[in-house]
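Trainee: quick check, what structure comes out for this input:
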Amino acid sequence: MRKRAALSEVVSTVILAGVMLAIGGMLWSYSLGAASVTADVYVSDTLKLLYEMQERFTVEHVYYNSINNMLYLWIYNYGDVDVTVDVYVNTTSAYELSDNHLIEAHDFTYPPVEFDFSSNPLSSYEQVAIKVYSRRQNVAYKRYIVP
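Mentor: Now for the predicted structure:
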């Protein structure tokens with residue numbers, strides 16, 4: 001009888017150790033997966049911030065052709081990353097939007113961004129407020145007064 005009693009303690013210890021190792025392995029696997037996901041999110045957010053900081057653009061030139069009532073904008077990307085912008089033009093009498101303009105790094109918009117004011121022509125000395133808004137939430141402003 002004594003041999004069996006000692007054997008049952010050894011078997012129960014082995015079973016308990018196996019259960020503890022299985023639980024420990026599951027916890028280690030879960031924490032490793034969670035740490036990997038957290039690290040991936042951190043790297044992704046850091047790269048987004050880096051691209052946002054490298055994004056540089058400006059409204060280089062504005063021209064209004066009073067013959068065909070077209071407003072032309074040239075936007076220059078002097079940053080190190082490509083930029084997709086939306087352009088908002090606000091006048092005293094109209095509000096216009098032109099979106100999805102991809103500007104490669106160190107390049108101009110070509111052809112220029114065009115706004116048609118033939119239905120509501122701009123008058124001399126009218127102020128035009130221009131806002132160029134990137135997908136990374138950077139903004140460039142320009143004020144233009146019609147000659």
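
Trainee: let me see the ranges of the strands in this protein.
Mentor: Ranges of strands within the chain are 57-65, 70-77, 83-90, 95-103, 107-108, 113-116, 127-134, 139-145, based on DSSP state E.

Trainee: closest to Ser29 out of the ones you listed?
Mentor: Across these, Ser29 has its closest neighbour in strand 83-90 (40.2 Å, CB to CB). Quick note: C-beta positions are derived from backbone N, CA and C, even for glycine.

Trainee: return the set of buried residues in the closest one.
Mentor: Buried residues in strand 83-90, counting neighbours by 16 or more other CB atoms under 10 Å, are found at Val83, Val85, Val87, Tyr88, Val89.

Trainee: which other helices and strands does it contact?
Mentor: With contacts taken as 3 or more CB pairs under 8 Å, 6 or more residues apart in numbering; DSSP states H and E, strand 83-90 sits against strand 70-77, strand 95-103, strand 127-134.

Trainee: list the buried residues for stretch 10-17?
Mentor: Buried-residue list, stretch 10-17, by 16+ other CB under 10 Å: empty.

Trainee: can you name the residues that contact Pro112?
Mentor: The neighbours of Pro112, taking CB atoms under 8 Å, 6 or more residues apart in numbering as the test, are Tyr72, Leu73, Trp74.

Trainee: wait, the first one touches Glu114, no?
Mentor: Yes. Applying CB atoms under 8 Å as the test, Tyr72 and Glu114 come out as touching, 5.8 Å apart.
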